[in-house]
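Enquirer: Build me a model:
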Amino acid sequence: MQTEILISFIGYMLVMLAIGFYFYFKTSDLSDYVLGGRGLNPSVTALSAGASDMSGWLLLGLPGMMYSDGLVGSWIAVGLVIGAYVNWRFVAKRLRVYTHHLNDAITIPDYLANRFEDKGNLIRVVTAVVILLFYTLYTSSGLVGGAKLFEATFNIAYSDALLIGSFVIVSYTFLGGYNAVSWTDFIQGILMMLALVITPLVVISELGGLSNAINTIESIDPSHLDMVGGASIISIISLLTWGLGYFGQPHILVRFMSIRDENEMCAAKNIGMGWMGLSIIGSLSVGFFGLAYVSANGIDLADSEKIFITLSQLVFNPWIAGFLLAAILAAIMSTVDSQLLVSSSVLTRDIYHSIIHKDASDKELVWVGRGTVIAIALIAWYISADENSSVLSLVAYAWAGFGAAFGPIIILSLYNKNVNRFGAIAGMVVGALTVIVYKQLEGGIFDIFELLPGFILSWVTILLVSKYTTHNSSSILKNFDEVQDRLNR
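Expert: Got it, this is the predicted structure:
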């Protein structure tokens, strides 16, 4: 381990902790802790949404896929870019307006319960169960990524690496809440993008230019240059289907809810999509050209998900390598902190405050929120203990679960006034269960990404159950019309 890399890492982690301490003294109530008081500017909204979305898979899982599969793996990027744009364009502003209109709802369960006037709190409970189930897996993927980073960089045992990474992430999330998470994500987003733009450019230069790099890849495996050849229709559809997941990811949706003014959403969309385009192209290039580099230099890479780590250490001097490796830590932190906070907010706002202790003070709720951050982190840490875990496979399971359970009801609740409480509950349950069951099946159509059947069945269930059960009350219809009027001004 080189001193320069160690200094870069320690310096970076100290800055993140300092941000957490700063916002610790700025947090006075639960709205501040879980939604930042709806005060984020467009740049922080956009980059924090992007950074919390992309996670460690952008620097570990996606480059690893490109390294192993070649250009066929880029179909996932096509699906993600389309899904992200549609989410920004058709969901973001409408969700911000609707959540503020409905008694200032500050969580997804809060919004759905208010949207459908769920006085029995069944929607809150169902939503909370789904969130906690899939976020334990999602958070685990981030902790696995962090452990792989520390293990490869500092040559320490996986268990020790897991403990160090978990401690840093939990600390500033515990202290500063949503504002700390969003501002650290903003910094981390910039760091991630710079790392992903710089690394492939330097690698291509080291290989003697773009044409030489491509020729090297062709000599290794010509199929790596073909986006379609050798790929089944099911595998391509599965990769494109990832884009459907955006509509149901709570840690992304809350970013839309927290912007200070819904009229600034267009600016946030442009910033967010620009960041995403550069970052994904860079990520794909790291894995694609990384294969040529390690092959040309006779390096045997046992774990394809460590290609970015390997390139950082081999191609750059120690100071820059430290910066690039810190970018991986940034990517991991930016999602894990968001997931911990969303899970905490659900337990605090939608279970503890709404059901268990309705008269709890703001101070009490903030500390309950902090306590649940630690509890959820411990569960995720336990799941992450298997050092053979794959970052991308854990992310895929959680992404599918959220996309299928929440995506259809979020879209329909914003655009269809006739969708009702019973349809919402049935759709979430069917979506989540479809993903869980489908995940266990193999062969033929069961090889398709479980998000697609889960999303379709959830959507159909919501419409059918809503049609054949009770109609919405006049107050629900009135709220819907008032939101439409505000959006049309």
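Enquirer: What residues does the nearest residue to residue 470 once chain neighbours are set aside make contact with?
Expert: Taking CB to CB, 6 or more residues apart in numbering, and ignoring the residues beside it in sequence, residue 470 has residue 420 as its nearest neighbour in space, at 6.6 Å. All C-beta atoms are positioned from the backbone trio N, CA, C, and that covers glycine. Counting by CB atoms under 8 Å, 6 or more residues apart in numbering, residue 420 touches 116, 465-466, 469-472.
Enquirer: run the last query once more with 7 Å
Expert: Contact analysis of residue 420 by CB atoms under 7 Å, 6 or more residues apart in numbering lists 116, 466, 469-470, 472.
Enquirer: what's the burial count for the nearest residue to residue 322 once chain neighbours are set aside?
Expert: Nearest residue to residue 322, sequence neighbours excluded (CB to CB, 6+ apart): residue 8, at 2.6 Å. Neighbour count for residue 8, taken as other CB atoms under 10 Å: 21.
Enquirer: before we move on, what about residue 196?
Expert: That count, for residue 196 with other CB under 10 Å as the rule, works out to 27.
Enquirer: from what I can see, it looks like it's in a helix, true?
Expert: Yes - checked against DSSP: H, G, I helix; E, B strand; the rest coil, residue 196 lies within a helix.
Enquirer: circling back to that earlier point, filter the contacts of residue 420 down to just the ones in helices.
Expert: Among these, the members falling in helices (DSSP state H) are residue 466.
Enquirer: how close does the residue nearest to residue 470 sit to residue 342?
Expert: The gap separating residue 420 from residue 342 is 25 Å, by CB to CB, to the nearest Å.
Enquirer: My guess is residue 239 contacts residue 80. True?
Expert: No - using CB atoms under 7 Å, residue 239 is not in contact with residue 80; the gap is 9.2 Å.
Enquirer: how much space between the closest residue to residue 62 other than its chain neighbours and residue 63?
Expert: Distance criterion CB to CB, 6+ apart; nearest residue to residue 62, sequence neighbours excluded, is residue 283 at 4.7 Å. Counting by CB to CB, the gap from residue 283 to residue 63 is 6 Å.
Enquirer: what does residue 112 give?
Expert: Residue 112 sits 36 Å away from residue 63, going by CB to CB.
Enquirer: just checking, the residue nearest to residue 62 is part of a helix?
Expert: Yes - assessed with three-state DSSP, residue 283 lies in a helix.
Enquirer: distance of it from residue 276?
Expert: Residue 283 sits 10 Å away from residue 276, taking CB to CB as the criterion.
Enquirer: One more: residue 236?
Expert: From residue 236 across to residue 276, the span is 21 Å (CB to CB).
Enquirer: ditto for residue 360
Expert: Taking CB to CB as the measure, residue 360 falls 39 Å from residue 276.
Enquirer: Residue 132 now?
Expert: Taking CB to CB as the criterion, residue 132 is separated from residue 276 by 28 Å.
Enquirer: ditto for residue 54
Expert: Between residue 54 and residue 276 the distance is 8 Å, computed by CB to CB.
Enquirer: mind checking which helix or strand the residue nearest the centre of the chain is in?
Expert: The centre of the chain sits closest to residue 53, judged by CA atoms, centre = their mean, with a distance of 3.0 Å. Assigned by DSSP states H and E, residue 53 belongs to helix 42-54.
Enquirer: Follow the chain on from that helix and name the next helix or strand.
Expert: Sequence order places helix 61-69 as the next helix or strand after helix 42-54, per DSSP H and E.
Enquirer: packing partners for that following helix?
Expert: When contacts are defined as 3 or more CB pairs under 7 Å, 6 or more residues apart in numbering; DSSP states H and E, helix 61-69 sits against helix 265-296, helix 307-315, helix 391-415.
Enquirer: Give me the angle between the longest one and helix 42-54.
Expert: Interaxial angle of helix 265-296 relative to helix 42-54 (axes from the mean of the first three to the mean of the last three CA atoms, to 10 degrees): 40 degrees.
Enquirer: who does helix 265-296 touch, helix- and strand-wise?
Expert: Using 3+ CB pairs under 7 Å, 6+ apart, helix 265-296 is in contact with helix 42-54, helix 61-69, helix 75-87, helix 158-206, helix 210-220, helix 307-315.
Enquirer: Distance from it to the middle of the chain?
Expert: Offset of helix 265-296 from its chain centre (CA atoms, centre = their mean, to the nearest Å): 16 Å.
Enquirer: ok, now the last one?
Expert: Relative to its parent chain, helix 391-415 has a centroid offset of 11 Å by CA atoms, centre = their mean.
Enquirer: hmm, back to that, can you say which of the helices and strands packed on helix 61-69 is nearest to residue 443?
Expert: Each of the helices and strands packed on helix 61-69 was scored for nearness to residue 443 using CB to CB, and the closest is helix 391-415 (18.1 Å).
Enquirer: can you tell me the average pLDDT over that closest one?
Expert: Helix 391-415 shows a mean pLDDT of 88.
Enquirer: repeat for stretch 451-464
Expert: Mean predicted confidence for stretch 451-464 is 97.
Enquirer: Identify all contacting residues around that stretch.
Expert: 241, 244-245, 399-400, 403-405, 407-409, 412, 419, 423-424, 426-427, 430-431, 434-435, 438.
Enquirer: hmm, try it at 6 Å
Expert: Stretch 451-464 is contacted from outside by 241, 244-245, 400, 403-404, 407-409, 412, 419, 423, 426-427, 430-431, 434-435, 438, using CB atoms under 6 Å, 6 or more residues apart in numbering.
Enquirer: mind listing what's buried in it?
Expert: Residues 451-455, 457-459, 461-463 are the ones in stretch 451-464 that count as buried (16 or more other CB atoms under 10 Å).
Enquirer: so who does residue 73 touch?
Expert: Per CB under 6 Å, 6+ apart, neighbours of residue 73: 65-66.
Enquirer: wait, is the residue nearest to residue 322 part of a helix?
Expert: Yes - per three-state DSSP, residue 8 lies within a helix segment.
Enquirer: For it, list the residues it contacts.
Expert: 322-323, 326.
Enquirer: likewise residue 326?
Expert: Taking CB under 6 Å, 6+ apart, one finds 8, 12 in contact with residue 326.
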